[in-house]
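Engineer: structure for the following, please:
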Amino acid sequence: MQEFLGFGVVGNFAGHLEQAGESHSFINMKSEEKDAPKGLFPFYIPYENCYLGRCCINNHKIILPNDPNLRVQAEPEIALECDVKYDEKHLVTKLVPNFFMAFNDASVRNLEAAKLSQKKNFSPASKGIGQKLPIDRFVYGGVCNNFSIASFLKYNNVWHIYGENSKLLKYEFFYQKLLDWIKNQLNHQQDGDSLEALRPFLERHHFPTKMIFAIGATPYMPFAQEHFLQKGDEVVIVAYNHLQYSFEKIQSLLEEDTLQTKEHTNLSYVYQIVE
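Structural biologist: I've put the predicted structure just below:
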């Protein structure tokens, strides 16, 4: 994973941007579709000579920013590991998702920053990525139809539901519609407001053929809207086959402390302790 370029989709779940306090950053942005995502941001670009070059993925802990006044929330997401195809002009022509997994796109909420990406890669442990689940075909009727994403936070030894338990099909853009949108952003997104032009990253890395895309965070439950991460908190994000597991079963795996101690099929999770 350390050699993969990592990008995140902004605003692909109804209501999340408003809860995260980021909607104002995109108020002047015009989209062809009302519910289209707002843009694509980099969270990890290997060897970049800035904060983006810091490997920020740690599946066991979240390291908070050095400034104690900065407030951080987890962001429960799905990530796609994709092959990237180019034409003779090095324009992206196709994305082929091979795996999907649970992902934590933890973000600083109150940092005055020119770019959204500055709120994303805030420490060497500001992201988490779960076990890879193979994709048979990234179309309606494929394996992703049967998966949901749930998230939880343990605070003062009590588990709380963190984000809305959501089927992956609830993403505003998904399947080919999402892939076409990402392809267009990689080729044509310009520097403006809180987003960067993306093509220069691809050029500097000689048009890489593998990338990770975090495709958007679920809305928060009331507890998560009011609670910022504190040292000692435990964050869990689970992508699970809802034909095999009920939401209550996922909760019981946490309550019984068996999520990490036993093997589970058709399940990908991130389990991080806040430091």
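
Engineer: name the helix or strand of this structure that has the lowest mean pLDDT.
Structural biologist: Lowest by mean pLDDT, DSSP states H and E among the helices and strands of the chain is helix 16-20, with a mean of 56.

Engineer: need the next SSE after it, C-terminal direction.
Structural biologist: Sequence-wise, the next helix or strand downstream of helix 16-20 (DSSP states H and E) is strand 39-44.

Engineer: on the three-state scheme, F152 is what?
Structural biologist: Secondary structure assignment for F152 (DSSP: H, G, I helix; E, B strand; the rest coil): strand.

Engineer: my read: it touches Q251, true?
Structural biologist: Yes: look at F152 against Q251 with C-beta atoms under 8 Å: they come within range, at 7.4 Å. Every residue, glycine included, has its C-beta placed from N, CA and C.

Engineer: okay, and the common contacts of these two?
Structural biologist: Residues touching both F152 and Q251 (C-beta atoms under 8 Å, 6 or more residues apart in numbering) are W159.

Engineer: between those two, who's got more neighbours?
Structural biologist: F152 (25 against 16; other C-beta atoms under 10 Å).

Engineer: distance of the more buried one from E112?
Structural biologist: According to C-beta to C-beta, to the nearest Å, F152 stands 31 Å off from E112.

Engineer: start to end distance for stretch 257-274?
Structural biologist: With C-alpha to C-alpha, to the nearest Å as the measure, stretch 257-274 spans 18 Å from end to end.

Engineer: show the average pLDDT along it.
Structural biologist: Stretch 257-274 carries an average pLDDT of 97.

Engineer: report the buried residues of it.
Structural biologist: L259, H264, L267, S268, Y269, V270, Y271, Q272, V274 (16 or more other C-beta atoms under 10 Å).
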